[in-house]
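Colleague: Quick one, structure for this:
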Amino acid sequence: MIQYSIYFLVLLIGFSSCKTEKVTLQEGTVLLNYQKPLTIDESTKTAATFTEVADSRCPENVNCIWSGSVTVDLLLDIQSQKTQKELKLCLYCMAAKDGSKILPSSDVDLGGEKYRIELQSVTPSPNTEIQKKKEDYVISIKIDKI
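Modeller: As a prediction, this is how the structure comes out:
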């Protein structure tokens, strides 16, 4: 009798975990490794891929006059719409001579909803003693519904 109760409990737990809920874009902070796609929205099947980095920040073990900047390219692949959006985000960027500036955040429309994607950090920091490869980089982005 106890054996049947245990089987019933296991089945009940199994069925209760099969609920399907509408999943929306994962808001909050997300870590992306270089060239490794991460699904950030199941409902629109949107994947984010950190595709490129240009790092001119002052190395950790050096005194610099200018702190430098770091720019990353982010590809949003929205499979449900069969579209891709490319974002260029930058930390510590200054305006160019023509007045243009790459910002640390960008607003995007995903599945009819507006989101702000903001670059929070890029690691590791440059260092003259340790050669960094692009594969070592990880970015932190913050996703907020607007």
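Colleague: Sketch out the helices for the chain, chain order is fine.
Modeller: Remark: helices assigned in the chain by DSSP state H are 2-16.
Colleague: what about it, any weak spots by pLDDT?
Modeller: 1-27, 96-99, 111 (pLDDT under 70).
Colleague: In it, mark out all the strands, start to finish.
Modeller: Using DSSP state E, the strands of the chain run over residues 28-33, 38-41, 46-55, 70-78, 83-91, 105-110, 113-123, 138-145.
Colleague: Output stretch 118-126 in CSV with nothing but the alpha carbons.
Modeller: Only the C-alpha atoms of stretch 118-126 are listed here, as CSV (Å, rounded to 0.1, in the frame of the first residue of the first chain):
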residue,chain,number,x,y,z
GLU,A,118,22.5,47.9,-21.3
LEU,A,119,26.1,46.9,-21.2
GLN,A,120,27.1,46.7,-17.5
SER,A,121,30.6,45.3,-17.5
VAL,A,122,33.3,43.6,-19.6
THR,A,123,35.7,41.2,-18.0
PRO,A,124,38.6,40.6,-17.8
SER,A,125,40.3,43.9,-17.6
PRO,A,126,43.4,44.4,-19.8
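Colleague: give me the number of residues near the closest residue to Val30 other than its chain neighbours?
Modeller: Take Val30 and drop its neighbours on the chain: the residue closest to it by C-beta to C-beta, 6 or more residues apart in numbering is Ile141, 5.4 Å away. In this view, the C-beta of every residue, glycine as well, is placed from N, C-alpha and C. Ile141 has 24 neighbours, counted by other C-beta atoms under 10 Å.
Colleague: mind listing what Ile141 touches?
Modeller: Thr29, Val30, Leu32, Ala48, Leu74, Leu89, Ile117, Glu118, Leu119, Gln120 (C-beta atoms under 8 Å, 6 or more residues apart in numbering).
Colleague: redo that, cut-off 10 Å
Modeller: When contacts are counted by C-beta atoms under 10 Å, 6 or more residues apart in numbering, Ile141 touches 28-32, 38, 40, 48, 50, 72, 74, 87, 89, 104-105, 117-121.
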